[in-house]
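Chemist: Requesting a structural model of the entry that follows:
(2 chains, ligands or ions: 2)
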Amino acid sequence: METEAVMQHLGLVCVSFIFTAIFGLLLGIIGYNFKRTRFIILWFVDILQTIPVLALLGIIMIFFGATFRTVVIGIVLYSLLPVVRNTIVGLEQIDPAIREAAIGMGMTKRQRLYKIEFPLAFPIIFTGLKISVITSIGIAVFGAVVGGGGLGYTINRAIMIQDGNTLFKATLALVLMSLAFDLIMGLIEKKLDYSKRRGSV
Amino acid sequence: MIEFKNVKKAYQDNVVIEDLSFTINDGEFVCIIGPSGCGKTTTLKMINRLHKVNGGEILIDGTNINDIDVNELRKSIGYVIQHIGLFPNMNVKQNISVVPTLLKWSKDKIDLRIKELMKMINMPFDEFAYKYPNELSGGQQQRVGVLRALAANPNIILMDEPFGALDPITRDVLQDELRNIHDQLKKTIIFVTHDMDEAVKMADRILFLDGGKILQYATPEEMLKNPGTPLIREFLGKISYDYNASDLTCEDVMRKRVYTVYNKERTLKCTSIMKQRDVASLVVVDHNNRYLGIIRIEDIKSEGVPGETIEKLIRKEDITVLINSNARDAFSELEKDNKEYLVVLKRDRQVAGIITRSSMAKALASLIWGENDV
Ligand SMILES: Nc1ncnc2c1ncn2[C@@H]1O[C@H](COP(=O)(O)OP(=O)(O)OP(=O)(O)O)[C@@H](O)[C@H]1O
Ligand SMILES: [Mg+2]
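Modeler: Numbers count the residues shown, from 1 in each chain, chains lettered A, B, ... in the order given. Ligands and ions are numbered 1, 2, ... in the order given. So this is what the prediction gives:
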């Protein structure tokens, strides 16, 4: 029963993560490449975060009903900001000399992006992804209200029937989940940093 | 051949270059120099179209660069920047192979090329190929930067103060290496610097810019001899002819004042010149100042008839050297049979000067202590 809830919760987080990564990177790269869209994109993902989670889920539920899909959409919208922002920041902080070298060597915009800029920005982008995953673990709890299941459902029911034991276990599971993601992704994050990966000059 | 024809460049309303025309020949090493903000970088970057030309045209081998696809153009021109700009996410091998990869060279061809390049500058492939830029010293990084520019074998290489950030000793080594590479590969190199020493050392020709205009475009020797303007003179500053001893020619070590006599001169006149100058022999020349031989005081004493010309007494001694031959050879010639002096001749056998032990010593001393007049 509880492992099932944990798996369900993880399922929500993972499925959402895939969409967050895809849309977040896409929006970030668009924002980076087209300066005029940058402001609008950042403003949009920022606004999304200011809407209370339950209100956001409620609005989405109007269109998609109380389903798994509604929860995923909610989580994605809510956790886009760190990915989009870090993608833009990560791409922008690249040493202009490196960018100029790449241009001067005759790389097209796309070649520059996937050979140079994206790899160099990836450590920062990855940090954004990490933040967004951990955020989404928390958001997914609210998903129970609109039919998402997962640990949110377990917690709601435990509160209703005043089952302190289950409540404690479910909360502990959430905390451990967050810590585990933070730890594992944090380790990967450190490995990614080119400037620190090998002995410095 | 690269031709600038009435090139104009403005950043918004700020006209940086008004009307710039010059030519760079194939295989030439041209240094662009001038005060900060004079347009050196702008001039360089217009060649690979990092900056757009606002008027006039730039031709490479007769083709307007605007008629060439911009990325094709850039792939065909090597580019090295001051900040090195190696890609930190790539190792040495990957960095060098960027352009060959863009040009879709085969793996084997790229590998071969990289090994060949790394051999040229003494960076053993096995030791360095898989290192990342942050594991290299500044000098090593810029060596890789230079190799990266050379990788796809471009005919033209642009360099913007490539050694500006290096310490003087490393810079010196890299300058030598680059000059060597140039002499071996005969690439056209356009090299921006603000260091006149560097320009004089490296360049075949120096393009001196000020305010987007050419003040002088000349060989280093010419510029040193005849600085076009006071500003250039100031830039040349205290550069004296900074030759290595092994580069010295006879011209550098000779004394220009030679005591010569005309071959129809009378013996009496000769002895009086010898007495006056305190020398035991004179150089004999014809009416065109061409070398005929020497005349010695002993010969006049033993065989000379007062009132006669010296013609019969002239010794056609083989003590001549050509003006542009190496000073070291002259020195060993002087040492052989312990000669008193050597007569330095121009190509047409006109007497240009004389080398004695003391003129040699003075030249070497000025090289060491930096005095200019020999
Ligand atoms: N991107 C730019 N936008 C506007 N003005 C520029 C730009 N680049 C250069 N300039 C101006 O053009 C002039 C020439 O600049 P350039 O960089 O070619 O000089 P430089 O000779 O390379 O100088 P330095 O020795 O300092 O590198 C300067 O007055 C500079 O302020
Ligand atoms: Mg410059």
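Chemist: only C-alpha atoms for contact and neighbour calcs from this point on.
Modeler: Noted.
Chemist: for the helix or strand hosting B:L112, packing partners?
Modeler: Assessed by DSSP states H and E, B:L112 sits inside helix B:107-120. Using 3 or more CA pairs under 8 Å, 6 or more residues apart in numbering or on different chains; DSSP states H and E, the elements in contact with helix B:107-120 are helix B:125-128.
Chemist: For whichever residue of the stretch 51-200 of chain B sits closest to ligand 1, which three-state class applies?
Modeler: Of all residues in the stretch 51-200 of chain B, B:H194 sits closest to ligand 1, with a separation of 6.2 Å (CA to the nearest ligand atom). The local conformation at B:H194, judged by DSSP: H, G, I helix; E, B strand; the rest coil, is coil.
Chemist: who are the neighbours in contact with it?
Modeler: Shown in contact with B:H194 (CA atoms under 8 Å, 6 or more residues apart in numbering or on different chains): B:33-36, B:161.
Chemist: and what of B:A152?
Modeler: When contacts are counted by CA under 8 Å, 6+ apart, B:A152 touches B:75-76, B:99-100.
Chemist: biggest helix in chain A, by residue count?
Modeler: In chain A, with assignment by DSSP state H, the single longest helix is helix A:2-33.
Chemist: Show me which residues of that one are buried.
Modeler: If you call a residue buried by 16 or more other CA atoms under 10 Å in any protein chain shown, then helix A:2-33 has these buried ones: A:5-6, A:8-10, A:12-14, A:16-17, A:19-21, A:23-25, A:27-33.
Chemist: now the helix or strand following it against helix A:2-33, angle please.
Modeler: Note on helix A:2-33: by DSSP H and E, the next helix or strand toward the C-terminus is helix A:35-50. Relative orientation of helix A:35-50 versus helix A:2-33 (axes from the mean of the first three to the mean of the last three CA atoms, to 10 degrees): 150 degrees.
Chemist: hang on, B:E308 packs against B:T267?
Modeler: Yes: between B:E308 and B:T267 a contact is recorded at 6.2 Å, counting by CA atoms under 8 Å.
Chemist: Looking at those two, which one has more neighbours?
Modeler: Legend: neighbour count by other CA atoms under 10 Å in any protein chain shown for B:E308 and B:T267, higher for B:T267 (21 against 13).
Chemist: check contacts around that one.
Modeler: Per CA under 8 Å, 6+ apart, neighbours of B:T267: B:300, B:304-310.
Chemist: who wins for most neighbours among those residues?
Modeler: Going by other CA under 10 Å, B:I310 tops the contacts of B:T267 with 24 neighbours.
Chemist: count of neighbours near A:W43?
Modeler: Counted with other CA under 10 Å, A:W43 comes out at 12.
Chemist: Spatially nearest residue to residue 58, not counting backbone neighbours?
Modeler: Looking at chain A here, since you left the chain open. Once flanking residues are discounted, A:G58 sits nearest to A:V146: 7.6 Å by CA to CA, 6 or more residues apart in numbering or on different chains.
Chemist: The chain in question should be chain B.
Modeler: Counting by CA to CA, 6+ apart, B:F4 is the residue found nearest to B:I58 once chain neighbours are left out, at 4.7 Å.
Chemist: Quickly list what the one you found is bridged to.
Modeler: Taking DSSP bridges as the rule, B:F4 bridges to B:F22, B:I58.
Chemist: Would you mind identifying the helix or strand in chain A with the lowest mean pLDDT?
Modeler: When the helices and strands of chain A are scored by mean pLDDT, DSSP states H and E, helix A:194-197 comes last with a mean of 55.
Chemist: correct me, but B:G138 touches B:L166?
Modeler: Yes: at 6.7 Å, B:G138 and B:L166 qualify as touching, with contact defined as CA under 8 Å.
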